[in-house]
Structure formats: structure tokens, C-alpha cells
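**Student:** following is a predicted model, sequence given first.
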Amino acid sequence: MIKEYLKHKFKNFEPALMEKIEQNASIKEFEPDEILMTTGQYFRSTMLVVEGRIKLYREGPEGGEFFMYYLEPGNACALSMICAAKKEASEIMAKAVEKTKVITLPIELMDDLMRNYKTWYYFVLETYRSRYEELLVVIDHIAFKGMDERLDFYLRNQVMKLQTKELKITHSEIASDLSSSREVISRLLKKMEQKGDLLLHRNYIEWLR
């Protein structure tokens, strides 16, 4: 089962690396809204996502959330790799957005994989790079874009990543991801509907562009 997931979701891994992972890894499943990672947690493993979707975010002192990025099939958690390698506690939260399945790798393997498998080495570098770029996009939008532009980008990005124009996401969830209020998001969504960009249904948003 693990090797089949690797062949489909991590195609660039060399055969020897897949064998190594299969021999040492295990599969874990998480239900929607289940917490995978908490602030202050120490890691005993790192994760390769093979099914579902994971939201990574910072939790504020008053309980608010600052959205960072999503992990999807074929992704790994760069921050868990860093914290695991350096034996440091997590400073972020992670929860499953939908039913999710991951391959977990013991941290004891990290040095061996980095040293002996080039495809793992390049995968880790690419993971760091892509997560860094995603964080830059978030920072740029907060610093330089209005909420209407941020909302438009957010919805287009959801459509692209989920490969569907029917987004089953609530106004409150969008507001949480964009560090805004539900009232502001609802008002902007209504304006977008009036412009013909989308349709607001009872349980989902239909993207029309």
C-alpha cells in the first residue's frame, strides 16, 4: 500500500528510496477537523500527504488564526522536517480539512535519507522552496493588497488546487484563512456575485470565471 502511494504521489523518488520508506514508514488517517500538530509539540515523525488536505496556521493568544498554507497529496510538511531534524518544538498548528491520509517517517531516518538518497535531498529542498514562496504570497497580499483582491486570489487558488468550481467552504472558514471577519467576507462575496464572478449557494460557492 505504501509503495503504491509513493508511485502515484511521489513519482520522482528513486526505487531504492521507495523501498527504504516502505520498510520504515506507516500510514495514519485523520478525520475532518482533527488536529495533527499543535504549538509546543515535539515531533517523532514527519509526514508525506497521500490523500486529503491539511491546513497549517498560527494560533493567536486570543484564539484567532493566521492562515499559512495547505498541504495536499504529494506534499510534505517542511516545518515538521525542520523541527524534527533540529529537535525543536512546533510553533504552528495543523488540522485536517477533510478526511486525510499520510505516510509517517520516523525522525531517526532523516539524516540517512538526506545523506544517501539524492531524490529525497532534492525533494526536501523543493519542499522548503515551495513553502517559502507560498508564505511570501501570503505576506505580499497582507501588506500590499486590499481584502477584495485577496479574496479573489484565494478563491481562484482554491479552484485551481481542488480542481473544481464548486467550493464547499463556509464564509467563516474563508474569513479565518484571510484573517478577516465573516461579515466582511459575506459582503465582498455578495459584490462578486453581483458582478457575475460567482454564485452563492446554500452549502457551497460556485465559481463562474
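**Tutor:** All right, it came through fine.
**Student:** only C-alpha atoms from now on, for both contacts and neighbour counts.
**Tutor:** Will do.
**Student:** next one: L199 relative to L136, how far apart?
**Tutor:** Distance, L199 to L136, using C-alpha to C-alpha, to the nearest Å: 30 Å.
**Student:** who's more crowded, those two?
**Tutor:** L199 (18 against 13; other C-alpha atoms under 10 Å).
**Student:** dihedrals phi and psi, that one?
**Tutor:** phi -120, psi 130 (degrees, to the nearest 10).
**Student:** please name the nearest non-neighbouring residue to it.
**Tutor:** Take L199 and drop its neighbours on the chain: the residue closest to it by C-alpha to C-alpha, 6 or more residues apart in numbering is E206, 5.0 Å away.
**Student:** roughly how far out does the strand or helix carrying that neighbour sit from the chain middle?
**Tutor:** Element membership of E206 [criterion: DSSP states H and E] is strand 205-207. Counting by C-alpha atoms, centre = their mean, to the nearest Å, strand 205-207 is centred 21 Å from the centre of its parent chain.
**Student:** helix or strand right after the worst-scoring helix or strand of the chain on mean pLDDT?
**Tutor:** Within the chain, no helix or strand scores below helix 78-86, which has a mean of 74 by mean pLDDT, DSSP states H and E. Downstream of helix 78-86, the next assigned helix or strand under DSSP H and E is strand 93-96.
**Student:** just checking, what packs against that next one?
**Tutor:** The contact analysis (3 or more C-alpha pairs under 8 Å, 6 or more residues apart in numbering; DSSP states H and E) places strand 93-96 against strand 35-37, strand 54-59.
**Student:** need the CA coordinates for it. CSV is fine.
**Tutor:** Written as CSV, here are the backbone C-alpha positions of strand 93-96 (Å, rounded to 0.1, in the frame of the first residue of the first chain):
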residue,chain,number,x,y,z
MET,A,93,-0.9,24.2,14.2
ALA,A,94,-2.1,21.8,11.6
LYS,A,95,-5.5,20.2,11.1
ALA,A,96,-7.2,18.0,8.5
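**Student:** quick one: buried residues of it?
**Tutor:** 93-96 (16 or more other C-alpha atoms under 10 Å).
**Student:** re earlier: let me know the average pLDDT across the strand holding E206.
**Tutor:** In this model, strand 205-207 has a mean pLDDT of 97.
**Student:** before we move on, what about stretch 37-54?
**Tutor:** Mean predicted lDDT for stretch 37-54 stands at 91.
**Student:** same question, stretch 113-124
**Tutor:** 95.
**Student:** could you give the mean pLDDT of stretch 90-109?
**Tutor:** 92.
**Student:** kindly check the end-to-end length of that stretch for me.
**Tutor:** For stretch 90-109, the end-to-end distance is 19 Å (C-alpha to C-alpha).
**Student:** any idea how far that stretch is from the chain center?
**Tutor:** Distance, centroid of stretch 90-109 to centroid of chain: 10 Å (C-alpha atoms, centre = their mean).
**Student:** now stretch 129-141
**Tutor:** 12 Å.
**Student:** if you count neighbours, what's buried in stretch 78-95?
**Tutor:** 78-85, 89-95.
**Student:** still on that earlier bit, now do the least confident helix or strand of the chain against strand 54-59, angle only.
**Tutor:** 70 degrees (axes from the mean of the first three to the mean of the last three C-alpha atoms, to 10 degrees).
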